[in-house]
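Asker: Prediction below, plus the sequence it came from.
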Amino acid sequence: MNGFVTIFVKKVKLCLIFIPVNRGRYRSRESRKDNKTSRYRKFPVTKNKYNNILIIMKKEIIFCVLFVALCLKGQAQTPSTFEIPGERTTTPAVEFPHFPSRMHAFIWRNWTTVSASRLAEVLNTTEDNIQKVASSMGLDEQKKVDPVWSTAQGYITVLRHNWHLLPYEQLLVLLGISREELAWRLIEDDFLFVKLGQLKPYCTTLYYEEPTQHMQQQAAGISKWLKELEGCIVPETERFSFTKEMASEHKKKDTLENNKLALRLVFSYFAEFGDPLKDSEVSSYPDFLLKKLSERGINAVWVHTVLRTLVPPSGVFPGAEDYAERIRNLNKLVQRANKYGIKVYLYVNEPRAMPEDFFNTEERKGLIGVKGGQGGNLSSLCTSNKIVLDWLRNSFEKVFSSVPGLGGVFTITASENLTSCASHRKQAECERCKDVPYDKIIADVNRSIHEGVKKGNPAANVLIYDWAWDDSYAERIIRQLPKDAWLMSVSEWSLPIEREGIESKVGEYSISSVGPGPRALQYWNWAREAGLKIVAKIQVNTSWELGSVPVIPAMDLIAEHARNLSNESINGIMFSWSVGGYPSKNMSLFQEVFNNPHKMELGRFAAQYYDKESAPYIRNAWKYFSSGFAEYPYHIGTLYNGPQHMGTANLLYTHPTHYKSTMVGIPYDDLASWQSIYPTDTWIRQMGKVAEGFNLGSKELEKALKVCNRKSRTTIKKEINLTKAINLHFSSVILQARFIKERNSYLSTTDKNNRLDNLKIMEECVIKEKSNVKGLLPLVLQDPTIGYESSNQYFYIPQDLKEKYINLNHILIWLKNERNKLSQDL
C-alpha cells in the first residue's frame, strides 16, 4: 500500500506543476477567471506545448481519480458526505439591507471575533482587501483576536453571527472544524440546532467582490453613523474577562452555619455544555470558580455528559475510542473539586438515540425502537430489549468504579434528547413497547442507571428528575423507584398566576412567580411516602425570563421562595439549569433565609453585604426590582421565544422575515411567539411594569452610592450598571413590539392617514431605540457579563449594538421615503 501512496503523491505533484494555484475552493471556473485576486504560477509555454501538457495532465488525473476511488471503495461515509442537520434546507436566508452587501455584513460581524486572515480565506481574497472594506465602514484596524472565539467556549456566538450569511462549507472554514464535529455540536451542545431554528437558511457561496460605487457610498454612510457613537465609547473590558475578575477577587466566605440543605447543586457560569470532559484542563470548572461557589455555600456542581463518550465500544453498543481521556479528566475535576468540599454530578439523559447509519448490522437493527430526535432522523435504543438496560447498568458501573469520589448523577428520562421509546411519548410506535406501561419504561431506565451507579460507588447519589413526566403516571413511577434515590422537581411548576386578567400556569424557569406550586407539592408528598429524599430545582440568580445577565436582584422574591421551601422538608436545592450559575449573593441570601426563615431580614442582609449607611436605599431598590419583576408576563413561550435575551441588540425589519423565533436563540420579528398567550398591548404594558421597576430601583442604588463606604463603592457601581442594562433590555422589548405592531398594520392597511400614523409611531420607536443603544453600549463595554450565558455564550457583543445603530438609521431613511411616497399620493 505504501508503494501506491508514493506513486499517487508523485502523480499529484506532476499535475500541480501545471495547475494554477487555486485559492477559490468554492468558486466556479468562470468566476475564478474574472477574480483579480487569484494568483497563478507563471509558466511560459507555447500553444502546442500547452496541448501536450494537457494530454499528460489528463492521463495523470485519470490515474489519481481511479486511485482515490479504489482507496475509498467500501467506506460507508466520508467526511465530504457526512450530512449536517438541516443541510438540505432551501429556505432563503434573511437579508440585511443596512449593509452594502452580504460581504460587508460578514466582515462587520466577524471583525472582533475572527482574524482577518481567516476572513480572507473564507472569501478567497487577501487580508488587504478585507481591511479596505472594514475601513470603508469606519472600523479601526483589527486588534489581536482572542482565540477563545474559535473554541468550544466561544464558537456559538460566531456561528449565530454567520447563520444567515454563509453556507455550511464556508462555516466549517470560518470555525476551523470538521463536518463531523459541527454535526455533533449542533445535536449535542444543548440543542444548538433547535436554538438556531432547526433549519439552516440557504446561502449561496460568498466571495470577495470589488465594492461598487454605490456600495462605497453606503459604507461611507455607515462610517458616519458610527462616529455618532463616539461619545458612548469607553475602554472595553475584554469579553470573557469575568473569569480573570473572579480569579483575582478575595472575599470572605459567607457564614452559612448549620446548613439544613444536604445538597446545594449548581452549574458553572461559563461551562462548555457539549463535551466538557474532552478538555484536558476541564476549564469549565477552574479552581477559582470552585472556590467562589464554595464561598457561596455550594457543595455540588454538575456537568453534561453523553454516556457513550465515557465508555469503550461494547459489542453492538456504542462507545468512544478516546473514552479513557474523558475519564482521566473527570478524575481530575473530582479531585480538584474535592479540595473545596464540592462533589461532581453527571447530567444523564440516556440511552441516547443513534443515527440511522449506526444500525448497520442485523444485531443492531434489533435494538431499534422509535424514530425522532432533532431532525427526526435518529432512532432510540429500545429499553424493552433487556440488553439495552444491561448496557446502561454496566456502563454506569464502569464510570463510577473508574472515578472514585464522583458524587452522583441526575437523570432526565421523559424529555430533552430522544432516549427510551417513552421519553417523547412515542412508545405506541414500538412493537416491543406498545403494550408496556409508560410508568414501567420510565422506572426501568431510572432503576438501571441507579443500579449501575451504586454498584460502581455505593456512596454516590442518584437524583431522579421528574421533568416532563406524564402527570397521570407520576405516582406509579415514584413508587417503583429505589428507596435511596432522591426525587427532584421544579418547585414552581403548575403554579397558577394572573397577569392583567390573563390566567395561566407556570412551567419552569421562573423567578417572577414564587413556588412551590401544586405539582411539586404533590410529587414530594408521594416521594416522602415512598421513603425518598427530595430536591427542589429552582432558579435563584436568573432564568430564561432574562438569560443574558448574571443576576436579577429581585431579592424579595428569592427570600419568599426560600421561606416557602423551608416548610417542605427539602433535602437539597438545584440552584440553576445551564442559565444562572453565577456565584452571587442571591445564592447566599436563599440559604440564609432557608436556614433561618423567621430571623433573616432583608435589611439586615443588605447591611451585612454592603454597609449600614447604604442598606436602607439598597433595601428600597430590592423592593422596586421585586415588585416590578413580579409583573413579568410569564409564559414558557415568551421565555423561550421572546427577544428579552437579545434585548437592544435584536434588529428591526421593515418587512416580515417570515422566520419563527427560535428557542432562546434568534427572536427575529416573530411578535406572535414573543407575546404567546397575551394580547399585544397587555404584553407590552406588563413588560413596561418590569422596566419601570428596574428604573426606579437603579435610582435607589444611585442614592446608596452617595452614602456608602469605600469598600462597597465598586460593588454598588457594578450593580447600578447591571440594573440599568436590565431596564434597557425590557425597554427595548417594548419598543420592538410596538414597532412590529405598527409595521404590520402599515403593510396591511390601505388607509393613507392610518398609514401615516403608523409611520409616525414607528419613527418614535426607532428614535427611542437609538437612545437605548447609546445607553446600553457603554454598560456592555464595561461589563463582560452582560449579554453572556454559558450554553448560548454571548447573545450579543458591542459590535452587535453598533450594528443595531446602523440598522436603526437605515430604517429611518426607509420611513422617510415611505412618508414621501404617501404625501405625494395625498
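Answerer: Great, that's in hand. If you're wondering where the values come from, they're calculated on a predicted model, not measured in any experiment.
Asker: Please list all residues in contact with the residue nearest to residue 508 when sequence neighbours are not counted.
Answerer: The shortest distance from residue 508 to any non-neighbouring residue, by CB to CB, 6 or more residues apart in numbering, is to residue 490 (4.4 Å). All C-beta spots, glycine's among them, are computed from the backbone N, C-alpha and C. Neighbouring residues of residue 490 by CB atoms under 8 Å, 6 or more residues apart in numbering: 467, 507, 508, 515, 519, 520, 537, 538.
Asker: State the phi and psi torsions of residue 490.
Answerer: phi -70, psi 120 (degrees, to the nearest 10).
Asker: What distance do you get for it to residue 204?
Answerer: Applying CB to CB, to the nearest Å, the value for residue 490 to residue 204 is 45 Å.
Asker: helices or strands up against the longest helix that the chain contains?
Answerer: In the chain, with assignment by DSSP state H, the single longest helix is helix 710-748. Under the contact criterion of 3 or more CB pairs under 8 Å, 6 or more residues apart in numbering; DSSP states H and E, helix 710-748 touches helix 615-629, helix 671-675, helix 680-707, helix 752-782.
Asker: And it, how far out from the chain middle?
Answerer: Chain-centre distance of helix 710-748: 21 Å, with CA atoms, centre = their mean, to the nearest Å.
Asker: Outline the domain layout of this protein.
Answerer: According to automatic domain parsing, the chain comprises the domains 2-75, 102-227.
Asker: can you tell me which of the ones you listed the model trusts least?
Answerer: For these, the weakest mean pLDDT is recorded on domain 2-75, namely a mean of 39.
Asker: and residue 248, how many neighbours does it have?
Answerer: Using other CB atoms under 10 Å, residue 248 has 8 other residues around it.
Asker: Can you list phi and psi of it for me?
Answerer: When read as degrees, to the nearest 10, the backbone of residue 248 gives phi -90, psi -10.
Asker: how much space between it and residue 266?
Answerer: 22 Å.
Asker: Tell me, how many residues neighbour residue 238?
Answerer: Residue 238 has 10 neighbours, counted by other CB under 10 Å.
Asker: Let me see the contact set for it.
Answerer: 146, 784.
Asker: related to what we said a few turns ago, of the helices and strands packed on helix 710-748, which stretch is the most buried?
Answerer: For the helices and strands packed on helix 710-748, average neighbour numbers computed from mean count of other CB atoms under 10 Å are highest in helix 615-629, which has a mean of 23.
Asker: now it, how far from the centre of its chain.
Answerer: 30 Å.
Asker: Just the C-alpha atoms of it, please, in CSV.
Answerer: Extracted C-alpha coordinates of helix 615-629, given in CSV (Å, rounded to 0.1, in the frame of the first residue of the first chain):
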residue,chain,number,x,y,z
ALA,A,615,-28.5,49.5,53.4
PRO,A,616,-31.8,51.4,53.5
TYR,A,617,-31.5,52.6,49.9
ILE,A,618,-30.4,49.1,48.7
ARG,A,619,-33.4,47.6,50.5
ASN,A,620,-35.7,50.0,48.7
ALA,A,621,-34.1,49.1,45.4
TRP,A,622,-34.7,45.4,46.0
LYS,A,623,-38.4,46.2,46.7
TYR,A,624,-38.7,48.0,43.3
PHE,A,625,-36.8,45.3,41.5
SER,A,626,-39.0,42.6,43.0
SER,A,627,-42.4,44.3,42.6
GLY,A,628,-41.5,45.1,39.0
PHE,A,629,-40.3,41.7,38.2
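Asker: Now the following helix or strand past it - C-alpha only, PDB.
Answerer: For helix 615-629, the following helix or strand on the C-terminal side (DSSP states H and E) is helix 636-641. Only the C-alpha atoms of helix 636-641 are listed here, as PDB (Å, rounded to 0.1, in the frame of the first residue of the first chain):
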ATOM      1  CA  ILE A 636     -42.900  29.500  28.600                       C
ATOM      2  CA  GLY A 637     -43.500  30.700  25.000                       C
ATOM      3  CA  THR A 638     -42.200  34.200  26.000                       C
ATOM      4  CA  LEU A 639     -39.300  32.700  27.900                       C
ATOM      5  CA  TYR A 640     -38.100  30.600  25.000                       C
ATOM      6  CA  ASN A 641     -39.100  32.700  22.100                       C
END
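Asker: Let's test this: mean pLDDT of helix 636-641, rounded?
Answerer: 98.
Asker: Would you pull up how far that helix lies from the middle of the chain?
Answerer: Worked out by CA atoms, centre = their mean, helix 636-641 lies 14 Å from the chain centre.
Asker: and what of stretch 547-554?
Answerer: With CA atoms, centre = their mean, you get 16 Å for stretch 547-554.
Asker: now do stretch 392-407
Answerer: That offset, for stretch 392-407, works out to 29 Å (CA atoms, centre = their mean).
Asker: and the longest helix of the chain, which residues are buried?
Answerer: Using 16 or more other CB atoms under 10 Å as the test for burial, helix 710-748 gives 712, 716, 719-746.
Asker: for the protein, what helix or strand is lowest in average pLDDT?
Answerer: In the chain, the helix or strand scored least confidently by mean pLDDT, DSSP states H and E is helix 29-33, which has a mean of 34.
Asker: Please read off the pLDDT at the residue nearest to residue 508 from the model.
Answerer: 98.
Asker: ok, so what distance separates it from residue 510?
Answerer: Taken as CB to CB, the span from residue 490 to residue 510 is 9 Å.
Asker: Show the backbone phi and psi for residue 355.
Answerer: Torsion angles, degrees, to the nearest 10, at residue 355: phi -70, psi 160.
Asker: For burial, what's the neighbour tally of residue 545?
Answerer: 24.
Asker: Name the helix or strand for it, please.
Answerer: Using DSSP H and E, no helix or strand contains residue 545.
Asker: now it: how far from residue 539?
Answerer: Here residue 545 is placed at a distance of 8 Å from residue 539 (CB to CB).
Asker: Give me the common contacts of those two.
Answerer: Jointly contacting residue 545 and residue 539 under the rule CB under 8 Å, 6+ apart are 509, 510, 511.
Asker: show me what contacts residue 564?
Answerer: Residue 564 neighbours (CB under 8 Å, 6+ apart): 514, 515, 516.
Asker: Surely residue 612 is in a helix?
Answerer: No: Residue 612 is assigned coil when assessed by DSSP: H, G, I helix; E, B strand; the rest coil, not a helix.
Asker: mind checking pLDDT for it?
Answerer: At residue 612, the pLDDT recorded in the model is 97.
Asker: Run a quick neighbour tally on it.
Answerer: Using other CB under 10 Å: residue 612 sits among 14 other residues.
Asker: swap in residue 360?
Answerer: Residues near residue 360, counting by other CB under 10 Å: 10.
Asker: Also residue 419?
Answerer: 27.
Asker: go on, the one 4 residues further on?
Answerer: Residue 423 has 29 neighbouring residues, counting by other CB under 10 Å.
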